[in-house]
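Student: Need a 3D model of the sequence below.
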Amino acid sequence: MDTKRRQPLGVELVKRGIVGERDIENALRYQRDNPNKRLGDILYLLNAAEPNILIEAIGEIIGEKGILLTPEKIKVRVMDYFSLDIAKQNKVVPFEVANRKN
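Tutor: Next comes the predicted model:
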């Protein structure tokens with residue numbers, strides 16, 4: 001079991017040189033007025049860093065793979081696999097299909 005405690009996301013992003021301390025301060029100020037927004041989303045909205053680099057760094061920090069979805073990357077019609085309601089409810093978008101079976 002890993003007992004190492006993870007630093008807050010903003011601290012990790014500053015340590016990695018992805019964003020500056022002022023970027024984090026601005027994002028936290030924005031978050032106070034928009035408490036439903038996550039820090040990573042806010043940094044993206046504020047153009048604090050190049051989107052692909054920001055998403056990749058956040059993915060590494062939280063231990064997940066991140067991908068910036070653009071219309072060119074989404075090659076799948078959502079409705080072919082599940083309803084739009086399910087996609088919205090689960091906040092998912094299929095962007096690739098492997099080993100398609102009918």
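Student: From now on I want contacts and neighbour counts done on CA atoms only, so please keep to that.
Tutor: OK.
Student: element containing A87, please.
Tutor: helix 84-90 (DSSP states H and E).
Student: what does stretch 17-31 rub up against?
Tutor: 10, 13-14, 37-39, 42-43, 46, 48-49, 53-54, 57 (CA atoms under 8 Å, 6 or more residues apart in numbering).
Student: which among these end up buried?
Tutor: Buried members of the contacts of stretch 17-31, scored by 16 or more other CA atoms under 10 Å, are G10, L13, L39, I42, L43, A48, A49, L54, A57.
Student: For the third one, list the residues it contacts.
Tutor: Applying CA under 8 Å, 6+ apart to L39 gives the contacts L9, G10, A27, L28, Q31.
Student: Just flag the most distant two among the buried ones among the contacts of stretch 17-31.
Tutor: I42 and A57 (14.8 Å; CA to CA).
Student: thinking again about what came up before, out of the buried ones among the contacts of stretch 17-31, the closest to L68 would be?
Tutor: Once CA to CA is applied, the member of the buried ones among the contacts of stretch 17-31 that ends up nearest L68 is L54, at 9.6 Å.
Student: what's the distance between the spatially closest residue to that closest one that is not a sequence neighbour and G63?
Tutor: Spatially, and ignoring its direct neighbours in sequence, L54 is nearest to I18 (6.7 Å; CA to CA, 6 or more residues apart in numbering). As judged by CA to CA, to the nearest Å, I18 and G63 stand 17 Å apart.
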